[in-house]
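In: Let's see this in three dimensions:
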Amino acid sequence: MSTISGTSSRKRTAPSPPPSVSERSSKRSRLHVQVEENAGASADTVPVAGRQTHFKLPPNAEELSEANLAVLLNGEEEPENAQDSNLLPVRRLSNFTFFYADTTRVDGAHDFVGLEKLLRKEVSKDRRAIAAHGAARKDDADLDEAAFEGNAEAEDNPDDPGPGPLQFQYCEVILESIECWWIGNGVSNADMYIRTKSAWYLLEEPSDSYRKTFTRFWIPHRLSQAMADYALKASENPYKMFCESIHTLIPESTIVIGRQITVNDLDVHRSVIQDDLKRNSEFFNFSGSKVIKQYFQIKGATPPPFARSPHAPPGVEISAPRIVVSRLVQFIAQRYFKTQLEVAGPSPKHLSWEKQAEHNQTFDIRQLDLGRDELRDGSIKYYESITFEGKYHYKVGDYVATVTGKYKELEERARPPPLSTNQLANTSWFARIHRLFMTFDQTLQPPRRHWAHVQWFDHGTMTDLGELAAPNELFETYNCSDIGLATIKKHISIQFVKCDSSKTIPTAHTEGLGDDQFFCRYMYHTDDGSYHDLSQPKPFDLAPRDTSKLGNRLIQCPVCDAKVSFDREEGAVTPIKKTTFGIVRSILFKNTPYHRKDTVFYYDDEETTEMTVKPRQLKIGIVRGWSVDEQRNTSNLCSIQKLGYRDDLVRIETLATTILPAPTDLPLDERCLYITREFVNVPIKNLERHCVVHCIPDWQELSKLDSEPNHFFITHLTESLTPTARDLVPIQGTPLDLCKICAIREQNWKLFREPYKRLAAGKRPARRLAKVTQLKTLDLFSGAGGLAHGLRKSGLFSFRWAIENDIHTARTYRFNFPEAKVFTQDVNVCAANALSPVSERKRIPSLDINIRNGPDHMPAKGEVEAIIAGPPCPDFSNQNIYRYKAGESSTGLVLPTLSLIDFYRPQFFMIENVPGMLRHEAVEQETGELVEFAMVKIILRSLTTLGYSVRWGVFNSVNYGSPQLRTRMIFYGSRGGYRLPDIPIPTHLTHTNPCVAYTRFTGTATKLTEPDAPLPGASIATSIGDLPAFEWKVDDPVTYTPRRVGVPVFLGESERGAGLAGFTGEGVRYAQQAPVTLYQARARAQVEPDEKVTLHVTRTFAKGRGRKAERYDLECFSFLNRITGFRVMSVPLLAKADHRKIPRELNDWAHSNALSAAGRTQWAPGRYGRLDWQGFFQSAITRIDPTAKQGRVLHPSQRRVLSIREAARSQGLPDHYSIFGNARSVTRQIGNSFPVQLAEAFGRVFRDAVICHRAWHELGVRWPEWQMEPE
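Out: From the prediction side, this is the model:
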């Protein structure tokens, strides 16, 4: 069987007109076939004359059967003769030729035949079968999934070389019998398909010799598609205008059929075109289209009974996708979607300029009458107001527009900001005057110069909103500078909007606003791209301030004050409290007070001076003293008593095997410390932050304690300077002599956190804290509940409603969250129900026929207090080279999420997806311009318009205690007036690149978190080491491996690959009676000691049929068809071994032979990849298949792939978590889940934000309460 490979670049380009015929022909794979006439024609020339009517089969026709095609495409056989066409795979067919299979000429050639001759069998008089010849490859959907998985592997494991350029593997094939064809409607899909007994094939281009024959089929169906699309887009235009638009199809027709399409074709093929349009009318309403009405005035003849498939190919949209949105979201997003959005709900209420203009026009500044020269500072004179050049009057507090220039203290932009409909915003910068002064310098001409010190405001186009920004909205920033008065262009008016979430910013000039009238409701942080409403506390509001460096009120600038507060970021240290003998007791560093006897994280001096970018582990110690020199910051030292990680000593002695540290009397717990007698002097600049240390020696009690990530426990002590595990002596509960101030602060935190911990454990809080309630939460696209389970452990969220359209997944969620009402339905149906008036609501039907008494309606407005969502992510894949053809029904699922946030206005929200969303692009439908970061801009614009403070960025679950390298893009925030949650600080260390850096639309390189952390990463050994071992065996003597004593074996292959291997039934007991690590203890927290672990099984692969066991014959395709199990068994038990270690006689040709592109470049090194005990799982996928590009799924030390339970452990799902469905469904639910540990980290920051809000607004406590020294 011959194979043709092509390479496609991953570079993203905007949609462009089709290439010329020669360009298109040179790019696609060409097959050398024998044609009776004009056989010597060039492959790059499209023949327009000399019709060819016969075709000769190639000499190796027997090897080109469709049955062998799956071997080269997938490495294993796909279902044949499936009764359900939705189970058939979808492939692409290029350079095709259709011919009669049963009728041959004397010379052996076959007659060409058009697909229009393919009629239904019950009415067709011609019983001759139609066959095809061409080049086939996988469909875009399969390539997209593989590319997405490969991209996830490349991002999560940068040490691997990655998949390289995307390989298109074309295989020459002969399709023996064509059963039927199917064409798209032109609106949601404009492709043409054929179907055989084994697969669907999307038709790309015919062979040069077959173009004329293909004309009779292609022209009428392509015209019907174009007319249907035109009728929906321009329903008011007459038929004549459609005829004039046909010229847009000429480039495509020239490529496909070798001639130009004309208006005359509409008359010649009228019957077929009208038949197609009648079928499309079942899905689209053409009643108001003039084009359709005028075209149907002349009735065409009855078309023949074509063998048209009544069902579309899998994954193909046959109707316009339904996307239900609120009116506000529709106004923002409609122009970037081809699909007409379905609008529901009331119109938004806008803020009124006239009613609030005078009330909030400026900040409350007390005007001082100081005259002209009252306040002097050397040669600088400050003023309350200045009249410049006799006609321009400026005063402190004015808002002005200035000319653009280099004096604005901003980083250089990677791209110029897009244009706005506000012309003033396109040519000006905006600022608020905080100081007016004049300088006198005789060396300059003129010597007198007038200046203004201003705080800058950014127009929305200067932020990450880009071209989606409202034309009359400004954002306050923390940037200030001095400008000359001559650079001021004019005064402007700014209305500051407080936290009013019931009204939105006017979005158009139709509201009667001028170019110089602006609203402002957010502080924009240029460093991380977050938006803080004006009710949020300023970064320096709660921090200690050095008032000696603050100036007079008239010359005071809040931005300068912030810079004074943060100047310690450069290493400056300020002593706060000294004893009578001058001994420093407290210091202020990085805006944080440190005291003697504090427990802190710090860096070793030698690690800090190495200038390395690798992640570093934070050390823990107790501050015992200071050596501060206020004049020379470089000589400031801190004396620290070292605390050691007990696990480090245990691992050193028990790491003789790379499989798992052997069980010892000291169970592994990364929170356990030992105290030493060793002291070290480190620079104060090496201090990172505070931590909390307790003395609790009983580890069994610790294993049940779900502590905060910065809480540690001293369990042992040692007198040795170089201790080993045997030198550790358990402490007897003696309390440490620690800082009393920090102890009081931590006691206050514990007082507020305790009720949430009780709620998370299912207990009621104490009566004195009875007001603490949970947030009633709606979970969209809930999946199996990984995100909800992690958030629930914070005690803040109570999941009352969930939406999930998959039946098995909905059952899983319903069982694990019994208090939730689960809607087994599409989110658009639920959104339409919620946004509709109460009188028009109907019962939401369930897709699960076994659910009879499901929830009737969506919750009422005001009931939902938090919304979390994880919309589907394949369309946002970084390497999806067909993203412009991606279905909007999947991409648009973000819009119902925003619409439900608009309707319910919850206190908090969280939206998660893949980082590839950053690269999602859309086309502006009116102008045709390509919009970068389109979905990110739509999300940010919608949320900020609704009045929400927003943080967003990329996070990796491995930094928060997950054993899996999985990056996620997360948007989260709070409604105006509620505290915006902080960024979760990484708690676990990884020595691989966590890939959390990204570039925003503004061109700013951003990384919200640093990889440095105190705890070691949760390795594979840490997470699954307590699960019992078992291995595969295969029924073949050549790949037989000796059985290891005490390790059960199970047959790893079955007749059709649908079986399970492992401990089926009720499960099996754990390998260790007690958990060995903290990760295992948490996974088994709700499992009884004598309870068995379930789902510890793997999928099996199909047996080989008719293979030769004595020898391996590469020409025996029946053997190569079924050797996945053999290859798994032959991969060495070495960390990171993959298909390159498989014996050549077992490996497939495409990945082992240097003649293939994949073999030369060692493409997809993760295939048949073995994991490393001390490493991490790759990003979870929906199938555990070693043949995929994300195929690093082989167990680290056992000859098999990962079991379902091990996959669940990699996502953080506990062992008691029940998952419903067959093995394939369970694996898919696990792969689509959200890492539980990452969800826990976000649950903690949401909980702390609620605590701070309640302490600040309800109890009158400014949190955290900074105390310098006890009285």
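
In: Show me the helices in the stretch 601-750 of the chain, by range?
Out: 605-608, 646-654, 699-702, 740-760 (DSSP state H, counting those that start in this stretch).

In: Please produce TSV containing these, extended by mean pLDDT and distance to residue 976.
Out: Where C-beta positions appear, they are placed from N, C-alpha and C, glycine not excepted. Below are these laid out as TSV (pLDDT from 0 to 100; distance: least, CB to CB, whole Å):
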stretch	mean pLDDT	distance to residue 976
helix 605-608	53	41
helix 646-654	75	45
helix 699-702	54	41
helix 740-760	83	23
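
In: of all those helices, which lies closest to residue 732?
Out: Taking CB to CB, helix 699-702 is the member of these nearest to residue 732, at 15.0 Å.

In: returning to what we had before: which one of the helices of the stretch 601-750 of the chain lies nearest to residue 873?
Out: Across those, closest to residue 873 is helix 740-760 (CB to CB), at 28.6 Å.

In: Which neighbouring elements make contact with the closest one?
Out: Judged by 3 or more CB pairs under 8 Å, 6 or more residues apart in numbering; DSSP states H and E, the packing partners of helix 740-760 are helix 1236-1257.

In: and the helix it packs on with helix 740-760, angle?
Out: 110 degrees (axes from the mean of the first three to the mean of the last three CA atoms, to 10 degrees).

In: list the buried ones in helix 1236-1257?
Out: By neighbour count on 16 or more other CB atoms under 10 Å, the buried set for helix 1236-1257 is 1236-1255.

In: if we can go back for a sec, now the helices of the stretch 601-750 of the chain in CSV, with distance to residue 1173?
Out: Listed next are those as CSV, based on distance: least, CB to CB, whole Å:
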stretch, distance to residue 1173
helix 605-608, 26
helix 646-654, 12
helix 699-702, 23
helix 740-760, 32
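
In: Can you redo the ones you listed as JSON lines, where the extra columns are mean neighbour count and distance to residue 861?
Out: Listed next are the helices of the stretch 601-750 of the chain as JSON lines, based on neighbours: other CB atoms under 10 Å; distance: least, CB to CB, whole Å:
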{"stretch": "helix 605-608", "mean neighbour count": "13", "distance to residue 861": "54"}
{"stretch": "helix 646-654", "mean neighbour count": "18", "distance to residue 861": "51"}
{"stretch": "helix 699-702", "mean neighbour count": "14", "distance to residue 861": "45"}
{"stretch": "helix 740-760", "mean neighbour count": "17", "distance to residue 861": "25"}
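
In: and residue 857, which of these is closest to it?
Out: Per CB to CB, nearest to residue 857 of these: helix 740-760, 27.3 Å.

In: Pairing partners for the helix or strand that the closest one is followed by, with directions?
Out: Next in sequence after helix 740-760, counting helices and strands by DSSP states H and E, comes strand 775-780. If you go by DSSP bridges, strand 775-780 pairs up with strand 797-803 (parallel), strand 866-869 (parallel).

In: so of these, which one's packed in deepest?
Out: strand 866-869 (a mean of 25; mean count of other CB atoms under 10 Å).

In: Show residues contacting that one.
Out: Applying CB atoms under 8 Å, 6 or more residues apart in numbering, the external contacts of strand 866-869 come out as 775-781, 787-788, 791, 797, 897, 900-901, 904, 906-912.

In: picking that back up, out of the helices of the stretch 601-750 of the chain, flag the one nearest residue 351.
Out: With CB to CB, the closest approach to residue 351 among the helices of the stretch 601-750 of the chain belongs to helix 740-760: 35.1 Å.

In: how about the strands in the stretch 501-650 of the chain?
Out: Under the criterion DSSP state E, counting those that start in this stretch, the stretch 501-650 of the chain carries strands at the ranges 517-525, 530-533, 574-578, 584-589, 592-595, 599-602, 619-627, 637-645.

In: Can you convert these into JSON lines and add a column each for mean neighbour count and distance to residue 474?
Out: Listed next are the strands of the stretch 501-650 of the chain as JSON lines, based on neighbours: other CB under 10 Å; distance: least, CB to CB, whole Å:
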{"stretch": "strand 517-525", "mean neighbour count": "23", "distance to residue 474": "5"}
{"stretch": "strand 530-533", "mean neighbour count": "23", "distance to residue 474": "12"}
{"stretch": "strand 574-578", "mean neighbour count": "16", "distance to residue 474": "35"}
{"stretch": "strand 584-589", "mean neighbour count": "20", "distance to residue 474": "34"}
{"stretch": "strand 592-595", "mean neighbour count": "20", "distance to residue 474": "32"}
{"stretch": "strand 599-602", "mean neighbour count": "22", "distance to residue 474": "39"}
{"stretch": "strand 619-627", "mean neighbour count": "19", "distance to residue 474": "45"}
{"stretch": "strand 637-645", "mean neighbour count": "20", "distance to residue 474": "44"}
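
In: Figure out which of those is closest to residue 1196.
Out: Checked against CB to CB, the stretch from the strands of the stretch 501-650 of the chain lying closest is strand 637-645, at 23.9 Å.

In: Thanks a lot, catch you later.
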